[in-house]
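Asker: predicted model follows, preceded by the sequence.
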Amino acid sequence: MNILLVGGSCSLMDSMILKLRKEGHRVYILTGDKYKHNKYERVFEKYEFPYDTENLNSIFESVNPDATILMGAFDTNYHWNEEERESVRFVSHLVNILVAYSTVRKGKLIFLSSDEVYSGNYINDIEETEKTLGFGMRADILAQAEEICENFRKNRSTDIVILRLDHLYCIPRDRKDVNNICARMCLECLSEGYIKADTDHTFSLLFEKDAVEYIYKVVSTGKHEYSLYQLSSNDVVSELELAAMVQEHMADSANIVTSSGGIGRCVLSGTRFEKEYGVHAFGDLNRNIEKMAAYMQKHKAVFVNEDKLELPWWKVLWNQWKWLLSVLFPFVENLICFIPFFMMNNRTVGSRYFANLDPFLLYVLLFAIVYGQQQATFSAICAVAGYMFRQMYTRSGFEVLLDYNTYVWIAQLFILGLVVGYMRDQIKTMRMESEELEAHLSRQIADIKDINESNARLKGVMEQQLIDQKDSIGKIYTITHTLDQYMPDEVMFYAVEMLMKLMRTRDVALYNVVNQDYARIFSASSAKARSLGNSIRYREMTEVYEEMTEEKVYINKNMDPRYPLMARAIYENGDIKMIIMLWGLSWEKMTLGQANFLTVVSYLIQNAVLRAQRYMQALEENRYSEEGSKILREDAFKPLVKAYMDAEAKDLAECVFLKIDADPEQYRQIDQLMAKKLRDSDYLGILPDGKLYALLANTTKENAGFVQERFEQNGYSTEIVEKIAVCLEE
């Protein structure tokens, strides 16, 4: 999708850019500032225009966005020190953007508001239907902005969504990012030595990463029931409790200064959003405060000394007058250099060898070459003064002025100095223009490189989808359709191979659901895929189970080592029959698009697996040696053994074959005694040699010893058969 972000640079903006880029979307930015003061993460295209530009419609038409996100309350282009002036700018800019958006009428527009629209003491959590009642000019303007968005939605039939973020906080990078209560308390602890806390103020904090996930959920979902949602973590805390956390993690002896009679309880309810979108916050407040405290302590100078650095008096004077010294220095240097050249001129006058040498001419040329025309003029004036003074040693001033040689010498001095100085200035100007042009071209090259990288990334995606066709539906169906060629017993083993090929990972596991709580591994492609064990209580894997009950793909966004990176269930009549688990995926592949891809693949595999199971059920009576028996006939047991042998050779399964030392007359008795003591995934059957065998699926030789003990307890001896292929040939 094409996503247009509108706002100044901030931590929330950068996090949104990284999230959207990771999900494979094309990101555009309207900065709202034409002077390029803001720095952003790399995007596909950046528009350096103010919000009141006449080109706003052209920008929307050029981008053609599928979703537009206005930073709104978190737009750093507005400085609320002068609230009245900023209020007018904020509202007028918002109307301009909404008008430009309504002309395109494509995609949804998301406006980010904040908890500031409410103030006061609320006993219960504040629902979206509660009338806004903020405190201060900024709160009134945000409430008015929400009304403007709602009016545009109704009157112009546009898809506009308002998201209120409840007490957003993040780990600040520098002093300007200290804009939330958590960072303010940490800064107070560092700079003041105490933390101020209101004992009556209770609220809910929303971590930036959670907010980004919430916003992206709205962006990626097509339809929505309401036009206003509140984003809250429901992690309610008081200022006093928060101050205690800060005090603990700052490892400081700072005191907590309490006060009362403040705002009161003000907690936004996020129930509406959670019910519709089914997401919840995963950030841990205490851990985030610990990280924030550690970062701010490590960079204490950045946060504390920026505004309180007191310079010595001489540095203050230097900062104020150094420009004057830089201007006067060439003149002072000129006067100082004049003295030795004046002395040299006195020595050369009347000299037998150096009478024709003119030190003053060398003096003027030197400063013309080094400093240019201005200093050449000044040095020429000094040289004329020195020349006149030296001539008056032997003649009167009147005689010097009447001598035409004096004027010839002065003319040649000024002409030579000014010409050389002018050439030097021109060369310097040309060099500066060349450097500026080089810098400009270098910036253009850098921009072209950035654009080329984005284009190359998009080209790679297009090539992968259109040329290579590895992820096309036709290619997927062609691969999964080959499952229909295999015997029913082999289908699930080859399904694991298909998943490895399609999902491009070596770590795939397929679990069979045994009952309401347990799932047993059927096939796995690696040791990593078997890391959860042969049997799991899948209901205890809370996050995975919740997603599977809603027939969704589980994505391990927190990289929790207890869970697979992705998981998807295979269903029959709404009940979970199998579970697909994937490891070894790169972070770039853990996206919504890849989840949809896994859903399509699992549906196609599901058809083949369920078809094979129904086929097996239809032949149920013909598979066993006698009615009611669990011993498989030779023609049914032999293909099953071969399927497990092939799977074991490909490291897709582990199995052990036990040969039971018994006569055919005892088979019925063994069936009655031992079939109930074996697992559902184990089999009893007869091979061409006429002997009875037990197939223990997903079992090692060490674990097979427990089964052998059960047979011995009932009077039957067994042995592990290594060369089962010989028995198949017989």
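Answerer: In hand now; what should we look at?
Asker: could you give the bridge partners of the residue lying closest to residue 525 once chain neighbours are set aside?
Answerer: For residue 525, the nearest residue in space outside its immediate sequence neighbours is residue 508; the separation is 4.7 Å by C-beta to C-beta, 6 or more residues apart in numbering. Just so you know, the C-beta spots here come from the backbone N, C-alpha and C atoms, and that holds for glycine as well. When bridges are assigned using DSSP bridges, the partners listed for residue 508 are residue 582.
Asker: what ranges in the stretch 501-650 of the chain fall below the confidence cut-off?
Answerer: Where the stretch 501-650 of the chain drops to pLDDT under 70, the residues are 588, 607-628.
Asker: what segments of it are strands?
Answerer: Counting by DSSP state E, counting those that start in this stretch, residue ranges of the strands within the stretch 501-650 of the chain are 507-513, 518-524, 535-537, 554-555, 566-572, 575-583, 631-632.
Asker: out of those, nearest to residue 672?
Answerer: Taking C-beta to C-beta, strand 631-632 is the member of these nearest to residue 672, at 10.4 Å.
Asker: give me the pLDDT for the most centrally placed residue in the chain.
Answerer: Taking C-alpha atoms, centre = their mean as the criterion, residue 18 is the residue nearest the geometric centre of the chain, at 3.5 Å. The predicted structure scores residue 18 at 88 on the pLDDT scale.
Asker: helix or strand for it, which one?
Answerer: Here residue 18, judged by DSSP states H and E, is contained in helix 11-22.
Asker: show me what counts as buried in that helix.
Answerer: The neighbour-count criterion (16 or more other C-beta atoms under 10 Å) identifies 11-17, 19-21 as the buried residues of helix 11-22.
Asker: now render the residues you listed as CSV, adding distance to residue 318.
Answerer: Rendered in CSV, the data for the buried residues of helix 11-22 read as follows (distance: C-beta to C-beta, whole Å):
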residue, distance to residue 318
11, 36
12, 40
13, 38
14, 37
15, 41
16, 44
17, 41
19, 47
20, 48
21, 46
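Asker: let me know the closest of those residues to residue 290.
Answerer: Of all those, residue 290 sits closest to residue 11, with 18.2 Å by C-beta to C-beta.
Asker: surely the closest one touches residue 173?
Answerer: Yes. Proximity of residue 11 to residue 173 meets the contact threshold set by C-beta atoms under 8 Å, at 6.7 Å.
Asker: is it true that residue 502 touches residue 601?
Answerer: Yes. Counting by C-beta under 8 Å, a contact exists between residue 502 and residue 601, whose distance comes to 5.3 Å.
Asker: low-confidence stretches in the stretch 301-450 of the chain?
Answerer: The stretch 301-450 of the chain contains residues with pLDDT under 70 at 305-313, 349-355, 397, 443, 447, 450.
Asker: now the strands for it?
Answerer: Taking DSSP E, counting those that start in this stretch as the criterion, the stretch 301-450 of the chain contains no strands.
Asker: what are the contacting residues of the helix holding residue 18?
Answerer: Counting by C-beta atoms under 8 Å, 6 or more residues apart in numbering, helix 11-22 makes contact with 3, 5, 7, 27, 29, 40-43, 69, 71, 74, 168, 170-173, 177, 208-209, 211-213, 215-216, 219, 587-588, 591, all of which sit outside it.
Asker: how about a cut-off of 6 Å?
Answerer: Residues from elsewhere that reach helix 11-22, judged by C-beta atoms under 6 Å, 6 or more residues apart in numbering: 3, 7, 27, 41, 43, 74, 170, 177, 208, 212, 216.
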